[in-house]
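Peer 1: here's a sequence, model it:
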Amino acid sequence: MKNNFPVKLINEWIAIEIVDQGIREKNGILLPDDDMQNAGIRPRIAKVLSLSEKAKEDSKLEVDDYILVKHLGWTRSVELAYDNGLEKEVWFTIKDKIVSKLNDLDENNMPIIKSEIK
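Peer 2: Numbering: from 1, shown residues only. This is a model prediction of the structure:
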């Protein structure tokens, strides 16, 4: 699969899209956005958009894998424009901030990750 990511990543960087944020729906129930709340202090589910060559070798991840990233294990987001005109909000992380690769996930099958802070 050709990776049309608009920038070349160096060192250990992995470009991700955080998919576990904002208002979510689970079994028809709307779950409120918990960012900036105590409940928002938790790992996040992210989709891998691109990897540097070093990250590919070291992490064994591939584009479109879903991963669990430690709380605050990502950069601030940036808007990137693709050649086809699509703009996407993107974050960056490194292998050491990844808790695990999540198998058998897709956009319609996202688990709920809860905070341990009460």
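Peer 1: was I right about Asp59 contacting Ile14?
Peer 2: Actually, residue 59 is Ser. It isn't Asp. Yes. Between Ser59 and Ile14 there is a contact under C-beta atoms under 8 Å: 7.1 Å. For glycine as for every other residue, the C-beta is placed from the backbone atoms N, C-alpha and C.
Peer 1: so for those two, which sits in the more crowded spot?
Peer 2: The neighbour comparison of Ser59 against Ile14 (other C-beta atoms under 10 Å) goes to Ile14, with 29 against 20.
Peer 1: that one and Trp91, how far apart?
Peer 2: Distance check for Ile14 against Trp91: by C-beta to C-beta, to the nearest Å, it reads 9 Å.
Peer 1: so Ile45 is in which element?
Peer 2: If you go by DSSP states H and E, Ile45 is part of strand 44-51.
Peer 1: thinking again about what came up before, common neighbours of Ser59 and Ile14, please.
Peer 2: Common neighbours of Ser59 and Ile14, counting by C-beta atoms under 8 Å, 6 or more residues apart in numbering, are Leu51, Lys95, Ile98.
Peer 1: relative to Trp74, which of those is nearest.
Peer 2: Closest to Trp74 out of those is Ile98 (10.2 Å), distances taken as C-beta to C-beta.
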